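can you look at this prediction? I've put the sequence above it.
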Amino acid sequence: MSYKEYPKVELHLHLEGGAPPAFIRQLAHEKKTDLSRIFREDGSYEYRDFDHFLTVYEAACSVLQTPEDFRRLVLAVMEQSAENGVVYSETFLSPDFCGGGDLSAWREYLHAMQEAADEAERKMGVTLRGIITCIRHFGPEKAKPIALCAAETMGDFITGFGMAGAEMVGRPGDYSYAFDMAREAGLRLTCHAGEWGGPDMVADTLRDLAPERIGHGVNAIHDLALVDRIAEDGIVLEVCPGSNVFLGATGDWPEHPIRMLRERGVKVTVSTDDPPYFGTTMTREFEGLARAFDWTEDDFAELNRTALDAAFCDDATKDKIAKLLEAT
Ligand SMILES: [Zn+2]
């Protein structure tokens, strides 16, 4: 069956990484910037491996310059989400790309994005919340002003703080100052770990940064004692199977660890990560899991409930989304 219309909750989506290539091409055209090197002839993004992906990603981000660009970006990304049945989404926002981490500049970008999120909710029926992320490969010092941006602008829309970027740069504890600042401000925490790093990276992230969710976390599977601890502690994994398969972070769909993690009692959720870069959508994620593991609507209903429980929004928003999920 097609899962396109089936309602979905997504927790792990990078805003810039969700930018449809046609949108970036249009923006590059308007700004008279030549980005032809990052596109294939069919119009999709072109890159060789994970490091090159980060280079292409940053080149695409280079045409996202003004608050107005980011307002349009939010609408373009949410249009894709809504088309794929997403009713609630949390997206990673990077002040590094929005005014270089300067707080007053960030406020302007945030205002524009929040306006777009409100418009997307009214017109497309998809509710969006923002998680501010520092970029790991920019280093711990750069993470501090980003945590300050998060602490100063938290509210109904900005509900969480996290870390993205190249996982193998530094150790989790290097970033504890930024995470402590965000935690003390009352933000909910998530952190990428265990996509490229091994179980030790997941364990160190939990020990040193104490997030309640882990982005990816799939390599925890190589240490079953750790898997059991993650299950017992109720840590939620934001699993992105299509991204993992595409980049080779895991084996192919039938070998993807999400099934074993779930069967061992870990709270798993499903997301797209950077969908147009990995040729995926939330519909394709659900369909890939249905094909690989014979998962059915009952399984997806459970994944949605787990994701909504782990969402960083307030209870009134959760109740509203729960009613939408129940209506199907
Ligand atoms: Zn990610």
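Noted; the coordinates are in hand. Residues are numbered from 1 along each chain as shown.

buried residues in the longest helix seen in the chain?
Taking DSSP state H as the criterion, the chain has its longest helix at helix 103-124. In terms of neighbour count (16 or more other CB atoms under 10 Å), helix 103-124 has its buried residues at W106, R107, E108, Y109, L110, A112, M113, Q114, A116, A117, A120, M124. Every residue, glycine included, has its C-beta placed from N, CA and C.

let me see the mean pLDDT of it.
Mean per-residue pLDDT for helix 103-124: 98.

partners of the helix or strand just after it, with directions?
Using DSSP states H and E, the helix or strand that follows helix 103-124 in sequence is strand 127-135. Paired neighbours of strand 127-135 in the sheet (DSSP bridges): strand 86-93 (parallel), strand 158-164 (parallel).

want to throw these into a markdown table with mean neighbour count?
Shown next, in a markdown table, are those (neighbours: other CB atoms under 10 Å):
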| stretch | mean neighbour count |
| --- | --- |
| strand 86-93 | 26 |
| strand 158-164 | 25 |
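
nearest to T269, out of these?
Closest to T269 of these, according to CB to CB: strand 86-93, at 10.3 Å.

nearest residue to A60 in space, ignoring adjacent ones along the chain?
Nearest residue to A60, sequence neighbours excluded (CB to CB, 6 or more residues apart in numbering): I24, at 4.8 Å.

report the buried residues of the worst-scoring helix or strand of the chain on mean pLDDT.
Lowest mean confidence among the helices and strands of the chain (mean pLDDT, DSSP states H and E): helix 50-61, at a mean of 87. For helix 50-61, the neighbour count (16+ other CB under 10 Å) marks F53, V56, Y57, A59, A60, C61 as buried.

can I get the CA coordinates of the longest helix of the chain in PDB?
Extracted as PDB, the C-alpha positions of helix 103-124 are listed here (Å, rounded to 0.1, in the frame of the first residue of the first chain):
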ATOM      1  CA  LEU A 103      22.100  36.900  18.800                       C
ATOM      2  CA  SER A 104      20.400  40.000  17.400                       C
ATOM      3  CA  ALA A 105      20.800  38.800  13.800                       C
ATOM      4  CA  TRP A 106      19.500  35.400  14.800                       C
ATOM      5  CA  ARG A 107      16.300  37.000  16.300                       C
ATOM      6  CA  GLU A 108      15.500  38.400  12.800                       C
ATOM      7  CA  TYR A 109      16.000  35.100  11.100                       C
ATOM      8  CA  LEU A 110      14.000  33.300  13.700                       C
ATOM      9  CA  HIS A 111      11.100  35.800  13.400                       C
ATOM     10  CA  ALA A 112      11.000  35.200   9.700                       C
ATOM     11  CA  MET A 113      11.100  31.400  10.100                       C
ATOM     12  CA  GLN A 114       8.400  31.400  12.800                       C
ATOM     13  CA  GLU A 115       6.100  33.500  10.600                       C
ATOM     14  CA  ALA A 116       6.600  30.900   7.900                       C
ATOM     15  CA  ALA A 117       5.900  28.000  10.300                       C
ATOM     16  CA  ASP A 118       2.700  29.700  11.400                       C
ATOM     17  CA  GLU A 119       1.700  30.000   7.700                       C
ATOM     18  CA  ALA A 120       2.600  26.400   7.000                       C
ATOM     19  CA  GLU A 121       0.400  25.300   9.900                       C
ATOM     20  CA  ARG A 122      -2.500  27.400   8.700                       C
ATOM     21  CA  LYS A 123      -2.300  26.500   5.100                       C
ATOM     22  CA  MET A 124      -0.700  23.100   5.000                       C
END
